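Visitor: need a 3D model of the sequence below.
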Amino acid sequence: MKSSNATPVEPVGPITGGVDTHKDFHVAAAKDALGRDLGTQKFPATRRGYGDLLTWLQAFGSLRAVGVEGTGCYGAGLSTHLLRHDITVLEVNRPNRQKRRRTGKTDVLDAIAAAAAVQSGEATAAPRTRTGPIESVRVMKDTRAQLT
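Guide: Numbers count the residues shown, from 1 in each chain. All right, here's what the predicted structure looks like:
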């Protein structure tokens, strides 16, 4: 797990997390209430990785919310894990393509942008709960597709 911390700072206020999701791994970022970057870390996209990601974010202080890019796709498992632990999760849209061209595309920058979107109020949508009959049909279809 790769970690990046510039200059360690004492966090002020509640912590906001941001996550750039991928099939095999997720990159998380933490910001304090002043919007300062506290660090970034890469975690495997597994149950254990979800737990480690949550523990890492909470180590900075009281966790206010986490912005997750792709809560219905690669971030579905992480979102479910966070919700089960009573963490507020907000869906974050992928960054604007023009903005990405200007600033470059990196997983770390996308995770930081996800946290910033939560803090700025840009990210307001709650992810689907992934329960009920529609989720059951999706799971059945996925299972059948894997068996063929």
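
Visitor: when you work out contacts or count neighbours from here on, use the C-alpha atoms and nothing else.
Guide: Will do.

Visitor: list the contacts of the most centrally placed residue in the chain.
Guide: The centroid of the chain falls nearest to Val19 when counting by CA atoms, centre = their mean (2.6 Å). Val19 makes contact with 26-29, 66-69, 110-112, 114-115, according to CA atoms under 8 Å, 6 or more residues apart in numbering.

Visitor: what kind of secondary structure is it in?
Guide: In three-state terms, and counting by DSSP: H, G, I helix; E, B strand; the rest coil, Val19 is strand.

Visitor: where does the chain have low pLDDT?
Guide: For the chain, the stretches with pLDDT under 70 are 1-7, 95-104, 124-132, 134-135, 138-139, 148.

Visitor: if we use 80, what do you get?
Guide: Across the chain, the ranges flagged by pLDDT under 80 are 1-9, 71-72, 94-105, 123-143, 145-146, 148.

Visitor: need the contacts of Val19 in TSV with distance to Ala76, can you?
Guide: Formatted as TSV, those follow (distance: CA to CA, whole Å):
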residue	distance to Ala76
His26	12
Val27	14
Ala28	15
Ala29	18
Val66	13
Gly67	12
Val68	9
Glu69	10
Asp110	17
Ala111	16
Ile112	19
Ala114	16
Ala115	17
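
Visitor: show me these that map onto helices.
Guide: Mapping the contacts of Val19 onto helices (DSSP state H) picks out Asp110, Ala111, Ile112, Ala114, Ala115.

Visitor: for the residues you listed, which one is nearest Gly61?
Guide: Minimum distance to Gly61 across the ones in helices among the contacts of Val19 is 15.0 Å, recorded for Ala115 (CA to CA).

Visitor: please report the distance of the closest one from Leu147.
Guide: As judged by CA to CA, to the nearest Å, Ala115 and Leu147 stand 38 Å apart.

Visitor: perfect, that will be all.
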